[in-house]
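> okay, here's the prediction I keep looking at, along with the sequence it came from:
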Amino acid sequence: MKRASFIVSFGLVCALLGGQPAHAVPMIAFEWTEGGPGNGTNSVHQSQHQGGGPVLADDFVAALSGNVIQVDWWGSQNTPTAQLPWEITFHTDNGGVPAVGPVAGGIDQHFVASAGADADGDGVFFFSAAWPQVGHPGDPLTLSAGTKYWFSVANLPSPNGWTWANAGGLAPTVGLEQFNGAVSNPGGGGSPHFGPWNAVSQPDGSKQDFAFRIWVDSGDLPEPSTMLLFGSGLAGFVGWRYKKQRKS
């Protein structure tokens, strides 16, 4: 009887401990890369956030829910003077083009730093930046799985102009995508994110998509040790129930 009570108590304690959250796990909510090492190509479309644009954006459907914690993108080398001028903006969808929000035209916007690197020498640079969690009315930015958004990245004007890399392959590797990329070029003062937005195509008229990736904080997952405790407690409880049924 004492042994059975111990097994039950141990099982309950382990089950409770096993249910404790441990840490948040970064996971990819959307990914459509440039096609892998040596396969990237830059588009002909420029994106700059001063002088009225033009600014580019591309749509995506998040595969996971969570707060955005990191953004990655590919393109030509940024302005050589600094790594700070990147303007990243998220928009909701408005019937196939970015919706215009109350602040800078989007639901969340930050200026981030990324120097970029071209490890394979194909002229397409990889850029990455942590997404700030404070500082804008949209923070923290929470994505909902299955919802369509627009992601925009722009650099400072430069002699050559920064161009966003083409998405490689036929479809995203994580998440979904539907529309052509879009460009906002009002040619006036203020934020170009207020539009109007128009679809862009590749020089041959085919669909234009851009390379980027979105990371989210998917929430707390149990530590392996707590999962082991949970498993041990469950096994002990099942064993006790089995013995009790056999005796009865």
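In hand now; what should we look at?
> C-alpha from now on. contacts and neighbour counts both.
Fine.
> distance of the residue nearest the centre of the chain from residue 111?
By Cα atoms, centre = their mean, the chain has its centre lying nearest to residue 214, at 1.4 Å. Here the criterion is Cα to Cα, to the nearest Å. By it, residue 214 lies 16 Å from residue 111.
> make sure residue 193 is indeed in a helix.
Yes: under DSSP: H, G, I helix; E, B strand; the rest coil, residue 193 falls within a helix.
> okay, now the domains of the protein?
Listed domain ranges for the chain are 2-20+222-247, 23-221 (source: automatic domain parsing).
> what mean pLDDT does the longest one get?
Model confidence over domain 23-221, given as mean pLDDT, is 89.
> residue 127: what's its closest spatial neighbour, skipping adjacent residues?
Closest residue to residue 127 apart from its sequence neighbours, by Cα to Cα, 6 or more residues apart in numbering: residue 116 at 4.5 Å.
> residues in contact with the one you found?
77, 78, 125, 126, 127, 128 (Cα atoms under 8 Å, 6 or more residues apart in numbering).
> ditto for residue 172
By Cα under 8 Å, 6+ apart, residue 172 lies in contact with 30, 31, 32, 33.
> quick check, nearest of these to residue 94?
residue 30 (19.4 Å; Cα to Cα).
> how many neighbours does the closest one have?
For residue 30, the count of nearby residues is 23 (other Cα atoms under 10 Å).
> which parts of stretch 192-211 are buried?
Using 16 or more other Cα atoms under 10 Å as the burial criterion, the residues of stretch 192-211 that qualify are 192, 193, 194, 195, 197, 199, 200, 201, 208, 209, 210, 211.
> let me see the contact set for the residue lying closest to residue 199 once chain neighbours are set aside.
Spatial nearest neighbour of residue 199, chain neighbours left out: residue 182 (4.3 Å); criterion: Cα to Cα, 6+ apart. Contacts for residue 182 (Cα under 8 Å, 6+ apart) come out as 56, 57, 58, 97, 98, 197, 198, 199, 200.
> which of those residues fall within strands?
Among the contacts of residue 182, the ones falling in strands (DSSP state E) are 56, 57, 58, 197, 198, 199.
> relative to residue 122, how far out is the last one?
Residue 199 sits at a distance of 27 Å from residue 122 (criterion: Cα to Cα).
> for the fourth one, same thing?
Counting by Cα to Cα, the gap between residue 197 and residue 122 amounts to 31 Å.
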